[in-house]
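> Model the structure of this input:
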Amino acid sequence: MLEAIALLEEISGRALDVSHTGAAKGDVQRTKADVSRIREATGWQPRTSLRDGLERMWSWASGRVAAR
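Numbering: from 1, shown residues only. Got it, this is the predicted structure:
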(Lines give C-alpha, C1' and ligand atoms only; values in the text may rest on other atoms or scores of the structure.)
Protein backbone atom coordinates (compact mmCIF):
# COMPACT_ATOMS: atom_id res chain seq x y z
CA MET A 1 0.00 0.00 0.00
CA LEU A 2 2.82 2.39 0.82
CA GLU A 3 4.30 1.79 -2.65
CA ALA A 4 0.95 2.63 -4.27
CA ILE A 5 0.59 5.80 -2.18
CA ALA A 6 4.12 6.93 -3.11
CA LEU A 7 3.40 6.30 -6.80
CA LEU A 8 0.12 8.22 -6.60
CA GLU A 9 1.94 11.14 -5.00
CA GLU A 10 4.45 11.11 -7.88
CA ILE A 11 1.71 10.83 -10.49
CA SER A 12 -0.42 13.58 -8.95
CA GLY A 13 2.51 15.85 -8.17
CA ARG A 14 1.33 16.46 -4.65
CA ALA A 15 1.40 14.94 -1.20
CA LEU A 16 -1.71 12.94 -0.42
CA ASP A 17 -3.47 13.32 2.92
CA VAL A 18 -3.04 9.80 4.29
CA SER A 19 -4.15 8.63 7.72
CA HIS A 20 -2.49 5.52 9.12
CA THR A 21 -4.90 3.70 11.41
CA GLY A 22 -5.20 0.28 12.92
CA ALA A 23 -6.56 -2.67 11.00
CA ALA A 24 -10.27 -2.77 10.35
CA LYS A 25 -12.31 -5.76 11.46
CA GLY A 26 -11.82 -8.54 8.93
CA ASP A 27 -8.62 -7.12 7.39
CA VAL A 28 -6.15 -9.71 6.16
CA GLN A 29 -3.01 -9.56 8.30
CA ARG A 30 -0.59 -10.33 5.48
CA THR A 31 -1.00 -10.54 1.76
CA LYS A 32 1.31 -10.77 -1.19
CA ALA A 33 0.24 -10.31 -4.77
CA ASP A 34 1.98 -13.21 -6.46
CA VAL A 35 0.84 -14.40 -9.87
CA SER A 36 3.47 -17.13 -10.23
CA ARG A 37 1.01 -20.02 -9.68
CA ILE A 38 -1.51 -18.79 -12.23
CA ARG A 39 1.32 -18.03 -14.67
CA GLU A 40 2.67 -21.57 -14.27
CA ALA A 41 -0.80 -23.12 -14.65
CA THR A 42 -2.11 -21.02 -17.55
CA GLY A 43 0.70 -18.87 -18.92
CA TRP A 44 -1.22 -15.72 -17.89
CA GLN A 45 0.70 -12.70 -16.71
CA PRO A 46 -0.30 -9.08 -16.11
CA ARG A 47 0.15 -6.69 -19.04
CA THR A 48 -0.12 -3.48 -17.04
CA SER A 49 2.43 -2.36 -14.47
CA LEU A 50 1.32 -0.90 -11.14
CA ARG A 51 2.55 2.54 -12.23
CA ASP A 52 0.73 2.42 -15.57
CA GLY A 53 -2.47 1.19 -13.93
CA LEU A 54 -2.35 3.92 -11.30
CA GLU A 55 -1.61 6.58 -13.94
CA ARG A 56 -4.65 5.46 -15.94
CA MET A 57 -6.82 5.35 -12.82
CA TRP A 58 -5.66 8.82 -11.71
CA SER A 59 -6.33 10.27 -15.16
CA TRP A 60 -9.80 8.72 -15.28
CA ALA A 61 -10.70 9.80 -11.72
CA SER A 62 -9.34 13.33 -12.25
CA GLY A 63 -11.46 13.68 -15.36
CA ARG A 64 -14.59 12.58 -13.52
CA VAL A 65 -14.01 15.02 -10.65
CA ALA A 66 -13.25 17.90 -13.06
CA ALA A 67 -16.45 17.18 -15.00
CA ARG A 68 -18.67 17.74 -11.97
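> CA only for contacts and neighbour counts going forward, please
Noted.
> I'd say residue 44 and residue 38 touch.
Yes. Counting by C-alpha atoms under 8 Å, residue 44 touches residue 38, with 6.5 Å between them.
> for the residue sitting furthest away from the middle of the chain, helix, strand, or coil?
Residue farthest from the centre of the chain, counting by C-alpha atoms, centre = their mean, is residue 41 at 25.0 Å. At residue 41 the chain is in helix, as set by DSSP: H, G, I helix; E, B strand; the rest coil.
> and residue 63, what are its phi and psi?
Here is the backbone geometry of residue 63 (degrees, to the nearest 10): phi -60, psi -40.
> So for it, what's the pLDDT?
Per-residue pLDDT puts residue 63 at 87.
> circling back: what about the residue farthest from the centre of the chain, distance to residue 7?
Remark: distance between residue 41 and residue 7 (C-alpha to C-alpha, to the nearest Å) = 31 Å.
> In what element of secondary structure is the residue nearest to residue 8 when sequence neighbours are not counted found?
Spatial nearest neighbour of residue 8, chain neighbours left out: residue 54 (6.8 Å); criterion: C-alpha to C-alpha, 6 or more residues apart in numbering. According to DSSP states H and E, residue 54 maps onto helix 50-66.
> Any idea how many residues pack against residue 8?
When neighbours are counted by other C-alpha atoms under 10 Å, residue 8 registers 19.
> returning to what we had before: for the helix holding residue 54, what is the distance to the chain centroid?
Centroid separation between helix 50-66 and its chain, computed with C-alpha atoms, centre = their mean, to the nearest Å, is 11 Å.
> could we number from 55 for the rest of this?
Right, with 55 as the first residue, what we last looked at is helix 104-120.
> What's the separation between residue 120 and residue 112?
Distance from residue 120 to residue 112, by C-alpha to C-alpha: 12 Å.
> again with residue 87
21 Å.
> cool, and residue 95?
Residue 95 sits 32 Å away from residue 112, taking C-alpha to C-alpha as the criterion.
> more crowded one of residue 120 and residue 112?
residue 112 (15 against 7).
> residues in contact with that one?
62, 65-66 (C-alpha atoms under 8 Å, 6 or more residues apart in numbering).
> pLDDT and distance to residue 83 for those - can I get that in a markdown table?
Putting the contacts of residue 112 into a markdown table (pLDDT from 0 to 100; distance: C-alpha to C-alpha, whole Å) gives the following:
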| residue | pLDDT | distance to residue 83 |
| --- | --- | --- |
| 62 | 95 | 23 |
| 65 | 95 | 28 |
| 66 | 93 | 29 |
